[in-house]
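Participant: let me see the structure of the following:
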Amino acid sequence: MKYQIMVRMLMMLLSRKKVTAAEIAQKYEISLRSVYRYVEELNISGIPVDVVRGRYGGIYLADTFRLPSGYFTRGEYTAAINALTAMAAQVGDEDTISALEKLRHQQKSDTRDVSICGNILIDGGSWCDMGTFSEKMRVCEQAVNECKCLEIDYISREGEHTRRVIDPYVLIFKQNIWYVYAYCHSRADFRTFKIGRIRQARFTGKTFEKKPVSRADIPLNFGYSSEQLIPVTLEIKKEAIADVEEWLGVDNIEPRGNGLIASVCLPDDDTSVEKILGYGGKVKVLEPADLRQKVRAAAIAIAENNA
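Facilitator: Okay, the predicted model is just below:
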């Protein structure tokens, strides 16, 4: 009985997005404590269910959630929706209409998050994307287009887990990574969020009016001020040139003597060291000496750790 109720709770949330604990308790004749315990078990199973306390709170399902791809094929979705639509027109009972709305909400698109503009094709998913990233992109794009506020669970590079309400203004694609530039209510300022670091997102039901923002207002260093960037000169072996070109851009690499040299500004932190180490000795730091020493020390530490 417990698992039947949990499945029915999930179906309610897929249809309505928000229900109260009291509604569920009354409908299935269980205690409020049991409702919250079932919510916790749904979360443990990987379904992003959230509880918001207070007068206007409730139990929410993240707008980025979709049933697993194997739940229904596209043909099965279409057949089920057509059958239920015909039945609803004749019978019109509450359960039939509810089932129809749930299926319509889950209906699949023909493709992944792939868009074509002229001769440019953009695939927003990662190599191992199982649809979760595409759903985040869909929600963020809808929020930008329709000026809808989002509540997001965000995990920073440092591992800080925060819940924020944001007003998304624009999507940014840089170095094969998608970002959303948004006004953050928690910080009372504009911030850039990496979409891959959004754990879940849901529409709050509120909209916002966009403030005037120009291209110059949008930072593209994503947290690195000019003071945090240092000039770096790298020597690149030919077998690594293709990968380094994708990292630094072809305009920043030029032949010099018998080799290839890149002169760029990079963040003065561990991310630059980790990136250089990732080329396995095919990229050498010529300047500055301090960065070269950091790369050397990190390489020695890796060798000792794997001895």
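Participant: show me where pLDDT drops low in the stretch 101-250 of the chain?
Facilitator: Along the stretch 101-250 of the chain, the model assigns pLDDT under 70 to residues 101-131, 175-176, 221-227.
Participant: how far away is I47 from G159?
Facilitator: 23 Å (C-beta to C-beta, to the nearest Å). In this view, the C-beta of every residue, glycine as well, is placed from N, C-alpha and C.
Participant: give me the nearest residue to S272, chain neighbours excluded.
Facilitator: L266 (4.4 Å; C-beta to C-beta, 6 or more residues apart in numbering).
Participant: thinking again about what came up before, neighbour count winner among I47 and G159?
Facilitator: Counted by other C-beta atoms under 10 Å, I47 and G159 do not tie: I47 has more neighbours, with 18 against 6.
Participant: which element, helix or strand, includes the more buried one?
Facilitator: Counting by DSSP states H and E, there is no helix or strand that carries I47.
Participant: now the helices for this structure?
Facilitator: Per DSSP state H, the chain carries helices over the ranges 2-16, 21-28, 32-44, 74-90, 94-106, 132-146, 241-248, 270-277, 289-305.
Participant: give me whichever of the ones you listed is most buried.
Facilitator: helix 132-146 (a mean of 19; mean count of other C-beta atoms under 10 Å).
Participant: just the CA trace of that helix, in CSV.
Facilitator: Provided in CSV are the C-alpha atoms of helix 132-146 (Å, rounded to 0.1, in the frame of the first residue of the first chain):
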residue,chain,number,x,y,z
THR,A,132,18.3,15.9,-17.3
PHE,A,133,20.5,18.6,-18.8
SER,A,134,18.0,19.1,-21.7
GLU,A,135,15.2,19.6,-19.2
LYS,A,136,17.2,22.2,-17.3
MET,A,137,17.9,24.0,-20.6
ARG,A,138,14.2,23.8,-21.5
VAL,A,139,13.1,25.3,-18.2
CYS,A,140,15.8,28.1,-18.3
GLU,A,141,15.0,29.0,-21.9
GLN,A,142,11.2,29.2,-21.1
ALA,A,143,12.0,31.4,-18.1
VAL,A,144,14.1,33.7,-20.2
ASN,A,145,11.5,33.9,-23.0
GLU,A,146,8.5,34.4,-20.8
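Participant: so what's the residue nearest to S272 up against?
Facilitator: When contacts are counted by C-beta atoms under 8 Å, 6 or more residues apart in numbering, L266 touches L229, I230, V232, S272.
Participant: for H161, same thing?
Facilitator: Residues near H161 by C-beta under 8 Å, 6+ apart: D153, Y154, I155, R199.
Participant: ok so, going back, the residue nearest to S272 pairs with what?
Facilitator: When assigned by DSSP bridges, L266 has beta-bridge partners I230.
Participant: cool, L61 as well?
Facilitator: When bridges are called by DSSP bridges, L61 pairs up with V49.
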